[in-house]
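A.B. asks: attaching a predicted model along with its sequence, questions to come.
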Amino acid sequence: MSTIASPAAGSEARIARRETLRQLLRSPTFLTGAAIVGFWVFCAVFGFAIAPHDPQDQSFTPLLRPGGAHLLGTDNLGRDVFSRVLVGAGDILKVAPLATLLGIAGGTVIGLVTGYFRGLVDNVISRIVDAWLALPVIVIAVTALVALGASTITLIVVIGVVFMPIVSRTVRAAVLGERQLEYVQAARLRGERAPYAMFVEILPNVMGPIIVEATVRLGYAIFTVAGLTFLGFGVQPPSPDWALQISDGYSLLNDTAHQGNYWIVLFPGMAVASLVIGVNLIADGISRALER
Amino acid sequence: MARFLANRLALSIVTLFILSVIVFAATQLLPGDVGRNVLGPFADQKSVDLFNHQVGADRPLLVQYGDWIWKFLHGDMGRSLQYQVSVWSLLGPSLVNSLKLAAEAFVLVVPLSILGGVAAALRRGRLADRAITITGLSLTAVPEFVSAIFLIVAFGVFLTWLPVNAQWPQGTGLVGQMRYLLLPSLALVMVLFGYIARMARHGTIEALSADYTRTAYLNGLGTTTVIGRHVLRNALLPTIAVVATQTGYLIGGLLVIEKLFNYNGIGQRIYIAAQNKDVTMLQSGVLLVGVVYLVATFIADLLYSVLNPRIRFGSVE
């Protein structure tokens, strides 16, 4: 569309985009999600400045119940739970979006190629993708992380690569719907090369589904990173990450005399839950706005 | 129908092959050599070489892979490097434990989510529908170990109705075991509910607006009959499909849930093997998970094709 786009067509697209944005700003689902995620992003950036105590400071009395000087109590090493919850989003909010970005980028390329060329390339890649999708994500990730060693970079790469085939399937479906349309035929008749037709002509027109896929995938990325961190293969200590706090504290739940020291794990748990629900509300809001 | 099933079977075999290659490749990437990892840094090089020769780690990779697959297909999973006993003697009982947990989760989630999905569809667009849909969506999004923490704190710590650990004491009967497995199953139920309810809702809405439903109503059939006999059947089909696709998730979920509840299942075995670099145990454990997954999805496909006349009579692939 780009080379032959008239000014009128351009402004039409802009109007459509503005309309989508207006829909979003009026959607309570989207706004609630954005507020929750915005809150945690704020805390991740400024948390160390606003936290009442140093999240790594171990000098307090261990296992204090919530209330008093320690709003959410202290953990078994005598650290302030409230301060740790405030800053606990830092690492997951770096890893999950980067992994999502990698997965979306790779998946888009695979999806464009398979959807555009069809035929043998599509058949072979699609079979591999189907098989890949059947594998339990966590099992693959754990195996890969054990082999490569757990670090932030490997974590991002492993999750990104695991996501690529999943994304490619969505993109492929969208491309199949576009490739028969006249503007693609026109580009082909004009003698444009395949990469041009794929990336310049088709890609802008399948951005909608890709954006929706990206937000949904971000939710899964947080889910997966949290799970891997809980297992000890994700974000590494001494990060005050929420899943690490749960991983460190869950065995204390057996201590029935002390109410299972529930505050050490319950509050980080609520934080994780609110973050993933927030991301999913955003995803839901965006997909509804784009559907209209 | 035969063609549909043959297609699916071929796909499962490709899946299993890819899985086996990934697992093998990944375990070959493990830092350090096998003998050195097992015998420790102070063993002399001679005994390390001897150990590698004994377990066959000094052969070409392709030979090792072929040997592993060949033996696996004949039911021989080798010896655990960590425990020095046969891998199957440890994986077998763990697999049974995991199947118990998965079975309890499925028995709970399937009726619950179909009920939820159909109820939402019948009140489409109204408050009940939004409530069920949003609750399902949110529960699905929350990592299973987090849902499990909520459940443990509520039912294990405050109400003290249910045990915090899933591993029952020796000699507990089946009903007692089910009680121990209730909290971990519920955590899995919370994740799966959203998916299945959404599919059931979608299937029901489609069936409700179909011509045959209108005809059934116009023929004077009561709502209960129409829903029971015409609508529910169509709501069930996509549900079976989603149950099949979620088996893969379920196995991953077991890894996390079994650790949290300290339950001796296959997820826990894989986890321990991964931590201790017990290559033979890890390879065979993951591949076994793949086989279980393959069998489960194939059963679901079989059920799906039997229930769906469009596939039974071969009009769609």
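C.D. replies: Received it, and whenever you're ready, just let me know what you need.
A.B. asks: so what does the host helix or strand of B:V292 touch, helix or strand wise?
C.D. replies: According to DSSP states H and E, B:V292 maps onto helix B:279-307. Helix B:279-307 is packed against helix A:137-148, helix B:2-28, helix B:61-73, helix B:87-122, helix B:232-260, helix B:266-276, helix B:309-312, with contacts defined by 3 or more CB pairs under 8 Å, 6 or more residues apart in numbering or on different chains; DSSP states H and E. C-betas here are computed from N, CA, C, even on glycine.
A.B. asks: got the buried residues for that helix?
C.D. replies: B:279-290, B:292-294, B:296-298, B:300-301, B:303-305 (16 or more other CB atoms under 10 Å in any protein chain shown).
A.B. asks: swap in stretch A:248-267?
C.D. replies: By 16+ other CB under 10 Å, the buried positions in stretch A:248-267 come out as A:248-250, A:252-254, A:260-267.
A.B. asks: cool, stretch B:225-241 as well?
C.D. replies: Buried residues in stretch B:225-241 (16+ other CB under 10 Å): B:226-227, B:230-232, B:234-241.
A.B. asks: what does it rub up against?
C.D. replies: With contacts defined as CB atoms under 8 Å, 6 or more residues apart in numbering or on different chains, stretch B:225-241 is touched by B:110, B:113-114, B:117-118, B:121-122, B:196, B:199-204, B:206-208, B:210, B:212-213, B:216-217, B:221, B:300, B:303-304, B:307-308.
A.B. asks: residue 262: what's it in contact with?
C.D. replies: The chain I'm using is chain A. A:Y262 neighbours (CB under 8 Å, 6+ apart): A:253, B:153, B:157-158.
A.B. asks: try chain B instead
C.D. replies: Contacts of B:N262 (CB under 8 Å, 6+ apart): B:165-167.
A.B. asks: go with 10 Å
C.D. replies: Counting by CB atoms under 10 Å, 6 or more residues apart in numbering or on different chains, B:N262 touches A:250-251, A:254, B:164-167, B:268.
A.B. asks: got it, and A:P97?
C.D. replies: So A:P97 contacts A:156, A:214, A:217-218, A:221-222, A:279 (CB under 10 Å, 6+ apart).
A.B. asks: in those residues, find the pair that's most separated.
C.D. replies: For those, the farthest-apart pair by CB to CB is A:I156 and A:V279; their separation is 17.2 Å.
A.B. asks: which of these two has more residues huddled nearby?
C.D. replies: Shown here are A:I156 and A:V279; by other CB atoms under 10 Å in any protein chain shown, A:V279 has more neighbours (27 against 22).
A.B. asks: quick check: closest non-adjacent residue to that one.
C.D. replies: Closest residue to A:V279 apart from its sequence neighbours, by CB to CB, 6 or more residues apart in numbering or on different chains: A:G219 at 4.5 Å.
A.B. asks: could you report the neighbour count for the closest residue to chain A within the stretch 101-250 of chain B?
C.D. replies: Using CB to the nearest CB, the closest approach of the stretch 101-250 of chain B to chain A is made by B:V157 at 3.8 Å. Neighbour count for B:V157, taken as other CB under 10 Å: 19.
A.B. asks: could you do B:L181 as well?
C.D. replies: By other CB under 10 Å, 24 other residues sit near B:L181.
A.B. asks: kindly report the same for the one 10 residues further on.
C.D. replies: Using other CB under 10 Å, B:V191 is surrounded by 24 other residues.
A.B. asks: any weak-confidence spans in the stretch 51-200 of chain A?
C.D. replies: Where the stretch 51-200 of chain A drops to pLDDT under 70, the residues are A:64, A:131, A:134-135.
A.B. asks: just the helices in it please.
C.D. replies: A:81-87, A:92-117, A:119-133, A:137-148, A:152-178, A:182-189, A:194-196 (DSSP state H, counting those that start in this stretch).
A.B. asks: can you list these in CSV and add distance to A:P55?
C.D. replies: Converted to CSV, the helices of the stretch 51-200 of chain A look like this (distance: least, CB to CB, whole Å):
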stretch, distance to A:P55
helix A:81-87, 5
helix A:92-117, 15
helix A:119-133, 39
helix A:137-148, 25
helix A:152-178, 18
helix A:182-189, 53
helix A:194-196, 48
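A.B. asks: which of these sits closest to B:S98?
C.D. replies: Here helix A:137-148 is closest among the helices of the stretch 51-200 of chain A (CB to CB), at 12.6 Å.
A.B. asks: what is that closest one packed up against?
C.D. replies: Helix A:137-148 is packed against helix A:152-178, helix A:207-231, helix B:2-28, helix B:232-260, helix B:266-276, helix B:279-307, with contacts defined by 3 or more CB pairs under 10 Å, 6 or more residues apart in numbering or on different chains; DSSP states H and E.
A.B. asks: quick one, what contacts residue 247?
C.D. replies: As the question left the chain open, I've gone with chain A. Contact analysis of A:S247 by CB under 10 Å, 6+ apart lists A:226, A:229-232, A:234-235, A:237, A:241, A:265, A:268, B:145, B:259-260.
A.B. asks: can you look at chain B instead?
C.D. replies: Residues near B:T247 by CB under 10 Å, 6+ apart: A:134, A:136, B:102, B:106, B:292-297, B:299-300.
A.B. asks: check A:R169 too.
C.D. replies: By CB under 10 Å, 6+ apart, A:R169 lies in contact with A:107, A:110-111, A:114-115, A:126, A:129-130, A:132-133, A:213.
A.B. asks: next: A:A271.
C.D. replies: Neighbouring residues of A:A271 by CB under 10 Å, 6+ apart: A:40, A:43, A:84-86, A:88-89, A:92, A:242-243, A:245-246, B:146.
A.B. asks: give me the phi and psi for the residue nearest to B:V38 when sequence neighbours are not counted.
C.D. replies: When the adjacent residues along the chain are set aside, B:V38 lies closest to B:L81, with 5.2 Å between them (CB to CB, 6+ apart). Backbone dihedrals for B:L81, given as degrees, to the nearest 10, come out at phi -70, psi -30.
A.B. asks: my guess is B:L81 contacts B:V55, does it?
C.D. replies: Yes. Counting by CB atoms under 10 Å, B:L81 touches B:V55, with 7.3 Å between them.
A.B. asks: out of those two, which sits in the more crowded spot?
C.D. replies: Neighbour tally, B:L81 and B:V55, criterion other CB under 10 Å: the higher count belongs to B:L81, 22 against 18.
A.B. asks: quick one: distance of stretch A:79-97 to the chain centre.
C.D. replies: 16 Å (CA atoms, centre = their mean, to the nearest Å).
A.B. asks: for it, list the C-alpha coordinates in PDB.
C.D. replies: Included here for stretch A:79-97 are C-alpha records, laid out as PDB according to Å, rounded to 0.1, in the frame of the first residue of the first chain:
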ATOM      1  CA  ARG A  79      13.900  -8.600  55.600                       C
ATOM      2  CA  ASP A  80      10.900  -6.200  55.300                       C
ATOM      3  CA  VAL A  81       8.300  -7.900  53.200                       C
ATOM      4  CA  PHE A  82       6.500  -4.700  52.200                       C
ATOM      5  CA  SER A  83       9.700  -3.200  50.800                       C
ATOM      6  CA  ARG A  84      10.500  -6.400  48.900                       C
ATOM      7  CA  VAL A  85       7.000  -6.600  47.400                       C
ATOM      8  CA  LEU A  86       7.300  -3.000  46.200                       C
ATOM      9  CA  VAL A  87      10.500  -3.500  44.200                       C
ATOM     10  CA  GLY A  88       9.800  -7.200  43.300                       C
ATOM     11  CA  ALA A  89       8.600  -6.500  39.800                       C
ATOM     12  CA  GLY A  90      11.900  -5.200  38.600                       C
ATOM     13  CA  ASP A  91      13.400  -8.300  37.000                       C
ATOM     14  CA  ILE A  92      10.200  -9.900  35.600                       C
ATOM     15  CA  LEU A  93       9.300  -6.600  34.000                       C
ATOM     16  CA  LYS A  94      12.600  -6.700  32.200                       C
ATOM     17  CA  VAL A  95      12.700 -10.300  31.200                       C
ATOM     18  CA  ALA A  96       9.100 -10.900  30.200                       C
ATOM     19  CA  PRO A  97       8.700  -8.000  27.700                       C
END
